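S.K.: Predicted model follows, preceded by the sequence.
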Amino acid sequence: MPHTHDQIDFTVAIFIVHEQNILLIHHRKLDKWLPLGGHIELDEDPEAAAIREAREESGLEIELLGERPPTTEDGTRALLAPRFLDIHRISESHEHIGMIYFARVKSGEIALEGREHHAIRWVSPQELDELQPPLSGAIRWYCLQALQEIV
């Protein structure tokens, strides 16, 4: 999806853990190993965006993890809180506010989405430092945090 706004967009990143491995994609355009994710479209909430992106980019159905406050009532629906938030620069004039979710697999088998990605794979904690190109410090930290929290 192209940028929705000139200076800043909202995005989701989903760190999916399964059998003590984390799912990463090698992004074709950026030439980086990243979690699944992408832009939140104007007609969806962050939870819906995370579930859609995971399905589109991997073929997996996921369960987002987090806390949902008991505040849903007429006219208000409580959302799962992302595990973390960040802001990262995309270009000189554009940034993304990232909503970072942790998730588990509900069903499905991973499948490569070849238009955007060179590769998709489950990565063990030991393999995180062996990936080429190397993971950014932030992505590596989120991977290790998700692996530590999700058992």
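M.R.: Received it, and whenever you're ready, just let me know what you need.
S.K.: How is the nearest residue to residue 37 once chain neighbours are set aside assigned, secondary-structure-wise?
M.R.: Of all residues not flanking residue 37 in the chain, residue 13 sits nearest, at 3.9 Å (Cβ to Cβ, 6 or more residues apart in numbering). C-betas here are computed from N, CA, C, even on glycine. The local conformation at residue 13, judged by DSSP: H, G, I helix; E, B strand; the rest coil, is strand.
S.K.: tell me the contacts of residue 13?
M.R.: When contacts are counted by Cβ atoms under 8 Å, 6 or more residues apart in numbering, residue 13 is found next to 34, 35, 36, 37, 98, 99, 100, 101, 142.
S.K.: can you rerun that using 10 Å?
M.R.: 34-38, 50, 53, 82-84, 86, 88, 96, 98-102, 138-139, 142 (Cβ atoms under 10 Å, 6 or more residues apart in numbering).
S.K.: same check, this time on residue 86
M.R.: Contact analysis of residue 86 by Cβ under 10 Å, 6+ apart lists 11, 13, 96, 97, 98, 99, 100, 138, 142.
S.K.: Just the buried subset of those, written out for ChimeraX, thanks.
M.R.: Typed into ChimeraX, the line below selects the buried ones among the contacts of residue 86, using 16 or more other Cβ atoms under 10 Å:
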select :11,13,96,98,99,100,142
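S.K.: And residue 33, its phi and psi?
M.R.: For residue 33, the backbone dihedrals (degrees, to the nearest 10) come out as phi -80, psi 130.
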